[in-house]
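Trainee: sharing a sequence plus its predicted fold:
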Amino acid sequence: MKKPSAQKAVTGSEWKEICLSGSDWRVTHCLPSEYNPASGINVGALGELQTPEWIPAVVPGDVQSDAIDAGLIPDPNYGLNSRACEWTYQRDWVYVRTFSVEKPADPMERVILRFDGVDYACHVSLNGQWLGYHESAWTPFEFDITDRVKFGGRNMLVVTVQHAPDEQCQWGRTSLVRTLKARFAYGWDWCTRLVPLGIWKDVWLVFRGAAHVADVFARPVVDPAGPTASVEVEVTVWAERPVDARARLELSLDGGKVVSHDLDASLQAGKNGLKARLEVPDPQLWWPNGFGEQPVYRLACTLLDAKGGRLDETAVPVGLRKLEWVRNDGAPDDALPYCAKVNGVRVFLKGWNWAPIRQLYGRRHLEAYRRRLELAREAHCVLLRVWGGGLVERPEFYDLCDQFGILVWQETFMSSCCIDNHPSTDPRYIQLLKNEAEQVIPQCRNHPSLAIWCGGNELCVRGDVVDRQGNVLRPEVAGWEGYKTNVGGLPWLPLTSEHPTLAAIKECVNRLDPDRHWLPASGSGPWENASFDYVGEMHDVHGGWMNMGPVEHYRFFNTVDMMLHAEYGCDGSASVRAIEAFVPESHRWPMDKTNTVAWHHGRMWTASNTWRAEELFGKVDDLATYVRASQYGQAEGLRYAMESHRRRKWRCSGAMPWHFAEPWPNVCDTCSVDYYLQPKPAYFALARANRPVHVSAKYETIAWGGRAEFAAEIWGHNALPKAFEGTVTTKVLSAAGDVVFENTKPVAIKPESPAHWDSVVVPAAKLPQGVFMLYSVLTDGSGVEVSHHWSAHSTGEKYPLAPMRELAAAEVKVEASPERITLANTGKVVAFGVWLEVPLDEYVLLSDNWLCLVPGETRRIAVRGQWSRMTLSGWNVAETVVG
């Protein structure tokens, strides 16, 4: 078996390829090794492959999705059904497809059977003859079947996907992991235990002549001052025998040729390297989301023989951009560079963490990818951190990130977060990682969106149990470091590139993608987790993951000073409609650990979220109130955290909440977008906090009872490389609409900077009793609103926001068209938490949502997408159907 090139030919080269993907496959299950062509045990209970349990299969896909379609297993998203599906990954699955193919006109051409990816390990046979074995979902593999295929006849292809390897779940020991199977699927706090298996990428018949293009590596060299640009191209050609050939390089943009170059070469049998430098006239630079356009060039490489006949072709994307990493302001000498600089402009890394698209990720899910990434783009996302316990993402993910200007932080194969958190140093495991990295890195490296390679998630040690090089110092307690009983005297310490397992991956990155940034793990630096104890010493840290309450949450984010907050979060409930879709009616209340279904769909978040919602709003006795209170706490917590990080720019250079969207429906989770692609209020709160030019407020608490005064600072934020001037108006008003403070002032802010614009102080005696509102509106020089801030506060101490449950009813007038919703507060009281919601099976992009409307205020919300109806609601807004 020979490993193939990292790239496959693009559209337009079908003359050299036949795709065997699609719905012309069948699949059945059997006991482990019951059907094993390699050992000759290829009949067993299957007879001559005549078992009655064959079901239709889709490739790319996973066997569980096929089993759902065939009624073999229930919908694993509903209730406790996923437990009834767990047997599926404990069995082998046999795929069968027949095909016919004509003999190539050129008798020297070889016929190659290529798999872009099988999850996880498989045997392949053709016409009863075993071809070979492959293990790993991430790398392509191929077989030369020229002498085994029946030209003009019927061929039977059989792929036996073995049962899933026995691996560690979230609560396991990372040091025991020995495979590269996506670890999340064995059970994590935001998903169930259901491990996908199947042919999850395309299958091809490829016809090869004397030589073929094995790889194209395009490295842009950009001087943004000009701008001027060139592309350094390295072409790897594999020749079956010595041959004279020509590699024709053509760089195009939007279908128009920009520059071309021919490379003549006398190829030797085996691997050949060719190099060229293309000067790009009038270069169009690629920018991150919000900073400019995202032109993606196409570099095509056509391999011709001495007579001009086409031997092979492939193409790769090229983005002309200069990406540098510089040190944060005030960074200590031992800190890594965490500040991104694109085309000479520093870019604050507003983003999210990215989990797998679905628990059952085998099928393409292209619409889900597009919709989720559209939502990320619309929320001003600049970077997504692809978490190491999930996937090395599909090419389609990278294509969309290229298109949308979203930088990608790709972690490689490893994740941890529990009992022990350091990877094995077993030489066989390290060699497996190296082999995979050498295949995966070339698959991704041409994408302009790819910004960072990282060794993995939360790879760390207790420094007096295992050192950062992986040496066990206390064997009697090694492996137990993560239990609540702290067997070591030190906190978690992130691994560095000195750890042999991470050093091996770093060497691959440096050799194969030397222009990319490398981080050994996330967190990185002297400490793993954010803490008051480490102020002044935090580099890239993680945590916390919840709204810490009406005082502590604000004290925490007003104090911590990490250089990069690569993972933190707040949990919040799913919507009532979502819960009704996957939770049986008998288990929709209470939402706590006594509820078996709620516990199954949320685990530790379900166990603790209710009391956190009640800490703000008082005792909750029904689902609707719980959902509204829980989602409020999540949105407020995440918004405040992001804005606090932006106020510390450039000491802090980025912040990424955990996580953008969930792969499996949860009653309660830290995601901003739910399984059904519906944003939570947290999504819109973060979208506002991420606006390039924005107004925010800094305060000590939302519970002001017992304090002498209410005090807040009004801040401005400018992400753009140009100055901003405008006007900010700030009000403090009661829920009844009475204004107790108002100030309007002109403001200015430098490029790429935060600025303290104003201070608000209201003596306690003048504060409205109960809930009141801080409200700021930022307008530009033309009087057009750029951004606004709202936050609810209270004169209470215990359950400070409980009065929101008893507010006087607000009057909100709605006008709707397919492209716009207009909301007007026509009454005398503030409308709190105004929320628009579409049915779960509809998808729209709203320009804003989760609002507070002061009396007399009108807001216009742009709508993109088809919708049949919307529901309007709020804390004191009667539910109304729109449309």
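Mentor: Here it is on my side, so go on.
Trainee: hey, let's count contacts and neighbours off CA atoms from now on
Mentor: Noted.
Trainee: the domain parsing of this protein - what is it?
Mentor: 14-206, 210-318, 348-582+638-690, 691-794, 807-883 (automatic domain parsing).
Trainee: phi first, then psi, for the closest residue to L807 other than its chain neighbours.
Mentor: Excluding its sequence neighbours, the residue lying closest to L807 (CA to CA, 6 or more residues apart in numbering) is N876, at 5.9 Å. Main-chain dihedrals, N876, degrees, to the nearest 10: phi -130, psi 30.
Trainee: what's the burial count for S817?
Mentor: Neighbour count for S817, taken as other CA atoms under 10 Å: 11.
Trainee: and what of V243?
Mentor: 16.
Trainee: tell me the contacts of it?
Mentor: 210-211, 266-269, 305 (CA atoms under 8 Å, 6 or more residues apart in numbering).
Trainee: those residues in strands, which ones?
Mentor: Cross-referencing the contacts of V243 against strands under DSSP state E gives 211, 266-267, 305.
Trainee: highest neighbour count among those residues?
Mentor: Neighbour max across those (other CA under 10 Å) = A211, 27 neighbours.
Trainee: need the contact list for the closest residue to that one other than its chain neighbours.
Mentor: Excluding the flanking residues, the one nearest A211 by CA to CA, 6+ apart is A239, at 4.1 Å. Going by CA under 8 Å, 6+ apart, A239 touches 210-212, 267-272.
Trainee: change it to 10 Å
Mentor: By CA atoms under 10 Å, 6 or more residues apart in numbering, the contact set of A239 is 208-214, 245, 267-272.
Trainee: of all the ones in strands among the contacts of V243, which comes closest to I452?
Mentor: Distance to I452 across the ones in strands among the contacts of V243 (CA to CA) is lowest for A211, with 33.2 Å.
Trainee: ok so, going back, got phi/psi on the residue nearest to A211?
Mentor: The phi/psi pair for A239 (degrees, to the nearest 10) is phi -110, psi 140.
Trainee: same question, V854
Mentor: phi -80, psi 160.
Trainee: for the residue nearest to it when sequence neighbours are not counted, list the residues it contacts.
Mentor: Excluding its sequence neighbours, the residue lying closest to V854 (CA to CA, 6+ apart) is V830, at 4.7 Å. The contact partners of V830, by CA under 10 Å, 6+ apart, come to 733-738, 772-773, 807-812, 852-857, 876-877.
Trainee: what about the stretch 451-600 of the chain, any weak spots by pLDDT?
Mentor: 482-489 (pLDDT under 70).
Trainee: quick one, helices of it?
Mentor: 500-512, 552-559, 576-582, 596-600 (DSSP state H, counting those that start in this stretch).
Trainee: what packs against the longest one?
Mentor: Read that as helix 500-512. helix 427-444, strand 450-457, strand 517-519 (3 or more CA pairs under 10 Å, 6 or more residues apart in numbering; DSSP states H and E).
Trainee: show me what the longest one is packed up against.
Mentor: Yep, that's helix 427-444 we're talking about. So helix 427-444, by 3+ CA pairs under 10 Å, 6+ apart, packs with strand 211-223, helix 395-404, strand 407-415, helix 500-512.
Trainee: if you set the cut-off to 8 Å instead, what comes out?
Mentor: In terms of contacts (3 or more CA pairs under 8 Å, 6 or more residues apart in numbering; DSSP states H and E), helix 427-444 is packed against helix 500-512.
Trainee: which residues of the stretch 701-850 of the chain fall in strands?
Mentor: Taking DSSP state E, counting those that start in this stretch, the strands of the stretch 701-850 of the chain run over residues 709-718, 724-734, 739-749, 753-763, 771-780, 785-794, 812-817, 820-825, 831-837, 845-846.
Trainee: any buried residues in stretch 460-475, and which?
Mentor: By 16 or more other CA atoms under 10 Å, the buried positions in stretch 460-475 come out as 460-470, 472.
Trainee: ok, stretch 573-584 next?
Mentor: 573-576, 578-579, 581-583.
Trainee: cool, and stretch 667-687?
Mentor: 667-687.
Trainee: likewise for stretch 229-244?
Mentor: Quick answer for stretch 229-244 (16+ other CA under 10 Å): 229-231, 233-240, 243-244.
Trainee: determine which two of the residues you listed are furthest apart.
Mentor: Across the buried residues of stretch 229-244 (CA to CA), the longest gap, 35.4 Å, separates A229 and E240.
Trainee: turn the helices and strands packed on helix 500-512 into CSV, including distance to C122.
Mentor: Converted to CSV, the helices and strands packed on helix 500-512 look like this (distance: least, CA to CA, whole Å):
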stretch, distance to C122
helix 427-444, 16
strand 450-457, 26
strand 517-519, 32
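Trainee: comparing these, which comes out most buried?
Mentor: strand 450-457 (a mean of 24; mean count of other CA atoms under 10 Å).
Trainee: can you check what angle separates that strand from helix 427-444?
Mentor: 160 degrees (axes from the mean of the first three to the mean of the last three CA atoms, to 10 degrees).
Trainee: can you give me the distance of the spatially most central residue of the chain to C417?
Mentor: Nearest to the mean C-alpha position of the chain, by CA atoms, centre = their mean, lies W354 at 1.7 Å. According to CA to CA, to the nearest Å, W354 and C417 sit 16 Å apart.
Trainee: what does V728 give?
Mentor: For V728, the distance to C417 - CA to CA - is 44 Å.
Trainee: with V695 instead?
Mentor: 36 Å.
Trainee: for the two, indicate the residue with more neighbours.
Mentor: The neighbour comparison of V695 against C417 (other CA under 10 Å) goes to V695, with 27 against 19.
Trainee: can you tell me the SS state at the more buried one?
Mentor: Secondary structure, DSSP: H, G, I helix; E, B strand; the rest coil: V695 is strand.
Trainee: who does it form a beta bridge with?
Mentor: On the basis of DSSP bridges, V695 is bridged to G716.
Trainee: so it makes contact with W715?
Mentor: Yes: using CA atoms under 8 Å, V695 is in contact with W715, at 5.7 Å.
Trainee: closest to N547 out of the contacts of V243?
Mentor: Relative to N547, the closest of the contacts of V243 is A211; by CA to CA it sits at 59.4 Å.
Trainee: show the contacting residues for that closest one.
Mentor: By CA under 8 Å, 6+ apart, the contact list for A211 reads 237-241, 243, 311-312.
Trainee: same question, D402
Mentor: Listed by CA under 8 Å, 6+ apart, the contact partners of D402 are 294, 296, 447-449.
Trainee: what do you get for A655?
Mentor: 349-352, 564-567, 642, 645.
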